[in-house]
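*Asks:* how would this look folded up:
(2 chains)
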Amino acid sequence: MPIELSDRVQTVPPSGIRRFFEIAEERDDVISLGVGEPDFATPWAARDAAIASLEAGKTSYTANRGKRELREKISDYVADRFELGYDPAEEIIATAGASEAVDLAFRALVDPGDTVAIAQPSYISYEPGVIFAGGEVLSVPTREADEFKLTAEGLEVAGAADADLLVLCYPNNPTGAIMSEAELEPIAEFAREHDLTVLSDEIYAELTYDGEHTSIATLEGMRERTIVFNGFSKAHAMTGLRLGYALGPSAAINAMNKIHQYTMLSAPTTAQHAAIAALDSCANDVVEMVDQYDRRRQFVLSRFREIGLDVFEAEGAFYCFPEVPEGWTAEEFAEDVLREQGVAVVPGDVFGAGGEGHLRVSYATGLGDLRKALNRIEAFVDEHV
Amino acid sequence: MSEREVLELLRENARYSTADIARMTDLEEDEVAAVIDDLEAAGVVRGYQAVVDWDELETERVRAEVELNVRLDRETGYDDIAERLARFPEVKALRLVSGDYDFDMEVEGDSIREVSQFISEQVAPVPEITQTVTHYVMTSYKEHGIEFGDGEDDDRLSFSP
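*Replies:* Predicted coordinates:
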């Protein structure tokens, strides 16, 4: 008798990009702009600290919430960088990547039948996370006309006034959109008015070009209803080390910690040592990487405009989100450009409502490859459009 | 400020076209060209050369780092000696340095014999030079900021969320 799978798992469709893996396998000259992680290696000081901790045999569990020293440093860091004030003892938890933190929040806050509004297009894990937690997803599409920023009107139209939670991710994966304090204010007002808890995924906060990142939790009356997610994967190029964290009011963080202590026990110890060093001594490495990303960003945006694809001025993360030419779906374009030119990009539909007709193009790739890839896309467009 | 930015990009890769540099900065292409012209005219940018890993070529290339000690007198200063040495095409780099010796000189030739002869016949006899110590380069790991290893493979998945 076959093992019977839960309905919950079966409801969630497999990832939309799986098919593209197989096509990419058929060529050996593929340049991938489909990657959602940095091309830089983790800054050496962080790697060195991880190695030193291993050599010293520091491989046991840590406190459930993460090493006290790490939480203190996170507290100082977010205060310094983003004007966020959180108590290391009660309001911060270190997790196995920000993804775990997001999952913990869903499981700690969502009751069966609760509605979670998700601003889309956005990171592909939110929707399954809500379903695994027994909640209902409400898609809130954002539009290119608004540069993929969430608006109060968009929330109203989607019916988010009746939702229980709101998930947003700015700087955004996949669009590269950011939201300023002035643009967040109406969202905060909407959340206060309709009593929404906000889950704000700010994993790309450091990758904000031309200006400073604002966390919605810093707006009036928002701290008590917001959980902020961040981590070391993107800005510190530590994806494989798996270390993220959540910041929030103690009741919520304690509830998340309850699940975390039964399921994960503690975030990877080696990664925690790397993260302490990352916060201690890698600020310059981050600046250097951000400078590189910014140059590539401007290069890629310029090239798409030259090629003749519409693209809005992405100002964060390491993605831009060009529109496919008329007569194409994103999926067709992505598949054909991969087969014919060996350039991998991700169709925007994968990221939910509002993503259709667009491509997620990652510039977490060296300039040499970016230049080649864009020449290939240009050849493809010249031939077919 | 645009000068620094253009300079930084040229130092990263001198073959970036003016168009590419314009794409990466807020400058227009003709502005980039003008900045480069200015940098060249002012003598800030002195040239553009390929960074070569000779180990990857069949032809032999011999390089040596030479430490030079000199004795100055009333008529002869460091600049005079440097000017004389810098004229030799075999001398690829020449720097006055602090520490145990005075000049740090890089010499290149087609064979050890050629380089040795150059040093013994052209450099050592210079009256102000009191001592030469020659170090032949055995392996180069990094030149001009570029590592000569096999490079690290990109082992990231071609698609990730």
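*Asks:* so which strand or helix has the residue of the stretch 201-350 of chain A found nearest chain B?
*Replies:* Closest to chain B within the stretch 201-350 of chain A is A:Ser302: 3.8 Å, counting by C-beta to the nearest C-beta. For glycine as for every other residue, the C-beta is placed from the backbone atoms N, C-alpha and C. Following DSSP states H and E, one finds A:Ser302 within helix A:283-307.
*Asks:* do the same with A:Ser60
*Replies:* Judged by DSSP H and E, A:Ser60 forms part of no helix or strand.
*Asks:* cool, the one 10 residues further on as well?
*Replies:* Using DSSP H and E, the secondary-structure element containing A:Leu70 is helix A:68-82.
*Asks:* Roughly how far does the residue of the stretch 201-350 of chain A closest to chain B sit from A:Gly113?
*Replies:* 48 Å (C-beta to C-beta, to the nearest Å).
*Asks:* Between these two, point out the one with more neighbours.
*Replies:* Taking neighbours as other C-beta atoms under 10 Å in any protein chain shown, A:Ser302 and A:Gly113 compare with A:Ser302 leading, 18 against 9.
*Asks:* Skip the chain neighbours and tell me the closest residue to that one.
*Replies:* B:Arg23 (3.8 Å; C-beta to C-beta, 6 or more residues apart in numbering or on different chains).
*Asks:* list the contacts for residue 110?
*Replies:* Using chain A here. A:Val116, A:Val130, A:Ala133, A:Gly134, A:Gly135, A:Asp164, A:Leu165 (C-beta atoms under 8 Å, 6 or more residues apart in numbering or on different chains).
*Asks:* Chain B is the one I meant
*Replies:* B:Asp110 sits next to B:Thr59, B:Glu60, B:Arg61, B:Val62 when contact means C-beta under 8 Å, 6+ apart.
*Asks:* Would you mind splitting the chain into its domains for me?
*Replies:* Just going to use chain A. Chain A breaks down by automatic domain parsing into domains covering A:7-42+A:284-384, A:44-281.
*Asks:* not quite, I wanted chain B
*Replies:* Taken from automatic domain parsing, chain B resolves into B:2-41, B:60-140.
*Asks:* Pull the contacting residues for the spatially closest residue to A:Arg68 that is not a sequence neighbour.
*Replies:* Distance criterion C-beta to C-beta, 6+ apart; nearest residue to A:Arg68, sequence neighbours excluded, is A:Pro88 at 6.7 Å. The neighbours of A:Pro88, taking C-beta under 8 Å, 6+ apart as the test, are A:Arg68, A:Arg71, A:Glu72, A:Ile74, A:Ser75.
*Asks:* among the residues you listed, which ones are buried?
*Replies:* Buried residues within those, counting neighbours by 16 or more other C-beta atoms under 10 Å in any protein chain shown: A:Arg71, A:Glu72, A:Ile74, A:Ser75.
*Asks:* State the pair within those residues that is farthest apart.
*Replies:* Farthest-apart pair in the buried ones among the contacts of A:Pro88 is A:Glu72 and A:Ile74; separation 7.3 Å (C-beta to C-beta).
*Asks:* Now do the same contact list for residue 109.
*Replies:* Picking chain A for this. A:Leu109 sits next to A:Asp164, A:Leu165, A:Thr197, A:Ala252, A:Ala255 when contact means C-beta under 8 Å, 6+ apart.
*Asks:* Let me rephrase: I mean chain B.
*Replies:* B:Gly109 neighbours (C-beta under 8 Å, 6+ apart): B:Arg61, B:Val62, B:Glu90, B:Val115, B:Phe118.
*Asks:* Can you tell me which of the residues you listed is nearest B:Ile129?
*Replies:* B:Phe118 (13.2 Å).
*Asks:* Now that closest one: closest residue in space, sequence neighbours ignored.
*Replies:* That would be B:Glu90: by C-beta to C-beta, 6+ apart, it lies 4.9 Å from B:Phe118.
*Asks:* how many neighbours does that neighbour have?
*Replies:* Neighbour tally, B:Glu90, other C-beta under 10 Å: 18.
*Asks:* now A:Ile3
*Replies:* Using other C-beta under 10 Å, A:Ile3 has 4 neighbouring residues.
*Asks:* How much space separates it from A:Gln10?
*Replies:* For A:Ile3, the distance to A:Gln10 - C-beta to C-beta - is 12 Å.
*Asks:* Format the domains of chain A as JSON lines; extra columns: distance to B:Gly151 and mean pLDDT.
*Replies:* Listed next are the domains of chain A as JSON lines, based on distance: least, C-beta to C-beta, whole Å; pLDDT from 0 to 100:
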{"stretch": "domain A:7-42+A:284-384", "distance to B:Gly151": "11", "mean pLDDT": "95"}
{"stretch": "domain A:44-281", "distance to B:Gly151": "17", "mean pLDDT": "98"}
